[in-house]
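1. What follows is a predicted protein model with its sequence.
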There are 2 protein chains.
Amino acid sequence: MKDKTSYKDKKVISIGVISELTGLSERQIRYYEERKLIFPERTNGGTRKYSFSDVEALVDIANKMEDGVQTYEIRQEKIREKKKIDKEKIRKQMLKGQINAQFGVQK
Amino acid sequence: MKDKTSYKDKKVISIGVISELTGLSERQIRYYEERKLIFPERTNGGTRKYSFSDVEALVDIANKMEDGVQTYEIRQEKIREKKKIDKEKIRKQMLKGQINAQFGVQK
DNA sequence: CGTGTAAGGAATTCTGACACG
DNA sequence: CGTGTAAGGAATTCTGACACG
């Protein structure tokens, strides 16, 4: 089992600090959420909470925007990446199944 | 050179989230600051900002408080620890100086 | 399309103080 | 000593909209 509760992915930072950390305006940050490029959590009151991973993602986004890439394209790219990773995951899962069938794990 | 800009020590979390993360009331968290057990930074507007390290420190403090330890004692303990670490640091520094004098680094 | 801004309101945080024990 | 709480105010954030291009 991996750690999974790393600080890096914990959504705890509010938008003001995120703005400072990334150099982006709050408007930009909210807009990128609207375009489904980032996914903050919310407090009960409705305030957005981000992680350090989100900071990194936002910096990446900012760089691409500078290069004239549109939010739609950035989103498509992310979807492609995700699919690739999912496929890889399944491949590994199947391989493990094969190995177990041959050598391992009898009930 | 070490990293030094690890996420763990970055002061970015506001007191509401810290309260949730530690289970302590905001009152308690502010009081422990008053007693010099934690040292949040501030935004320009004056809002406190904490790090994940602070979360860990607060949990430690909470445990000691449960055991009936007073804030003053906790503070003294921290001071002792710090002194010990500083002494160790100087010792290493001097050792390095000795080695350089014998083998290394001529101008 | 991507971003700035003014608007009005709600959630969040701040300080100093009183209370209890 | 350590913590809860009500009080009043200030900083922060939220949404929906208009503007520009």
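-> Done, it's in. Numbers count the residues shown, from 1 in each chain, chains lettered A, B, ... in the order given.
2. and the closest residue to DNA strand C within chain A, what helix or strand is that in?
-> In chain A, the residue that lies nearest DNA strand C is A:G45 (2.0 Å; C-beta to the nearest atom of the strand). Yep, even glycine has a C-beta here, placed from its N, CA and C like the rest. Using DSSP states H and E, A:G45 sits in no helix or strand.
3. just the helices in chain A please.
-> For chain A, helices defined by DSSP state H occupy the ranges A:15-22, A:26-34, A:52-66, A:71-103.
4. Output the ones you listed in a markdown table, with mean pLDDT and distance to B:K83 appended to each entry.
-> Formatted as a markdown table, those follow (pLDDT from 0 to 100; distance: least, C-beta to C-beta, whole Å):
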| stretch | mean pLDDT | distance to B:K83 |
| --- | --- | --- |
| helix A:15-22 | 98 | 33 |
| helix A:26-34 | 98 | 44 |
| helix A:52-66 | 98 | 32 |
| helix A:71-103 | 95 | 49 |
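5. and these as a markdown table, adding distance to B:S6 and mean neighbour count?
-> Output for those, formatted as a markdown table (distance: least, C-beta to C-beta, whole Å; neighbours: other C-beta atoms under 10 Å in any protein chain shown):
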| stretch | distance to B:S6 | mean neighbour count |
| --- | --- | --- |
| helix A:15-22 | 14 | 18 |
| helix A:26-34 | 23 | 15 |
| helix A:52-66 | 10 | 17 |
| helix A:71-103 | 26 | 11 |
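6. could you dump the ones you listed to a markdown table with distance to B:Q98?
-> Below are those laid out as a markdown table (distance: least, C-beta to C-beta, whole Å):
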| stretch | distance to B:Q98 |
| --- | --- |
| helix A:15-22 | 43 |
| helix A:26-34 | 53 |
| helix A:52-66 | 41 |
| helix A:71-103 | 52 |
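7. Chain A - how does it break down into domains?
-> As assigned by automatic domain parsing, chain A contains the domains A:1-69, A:70-107.
8. The longest one vs chain B: in contact?
-> Yes. Interface with chain B: domain A:1-69 contributes A:7-8, A:10, A:12-14, A:16-17, A:21, A:43, A:49, A:52 (C-beta under 8 Å from any C-beta of the partner chain).
9. Of the residues you listed, which ones also sit close to DNA strand C?
-> Applying C-beta under 7 Å from any atom of the strand, the subset of the residues of domain A:1-69 next to chain B adjacent to DNA strand C comprises A:T43.
10. and of the residues of domain A:1-69 next to chain B, the nearest to DNA strand D?
-> The shortest approach to DNA strand D among those belongs to A:G16, at 2.4 Å (C-beta to the nearest atom of the strand).
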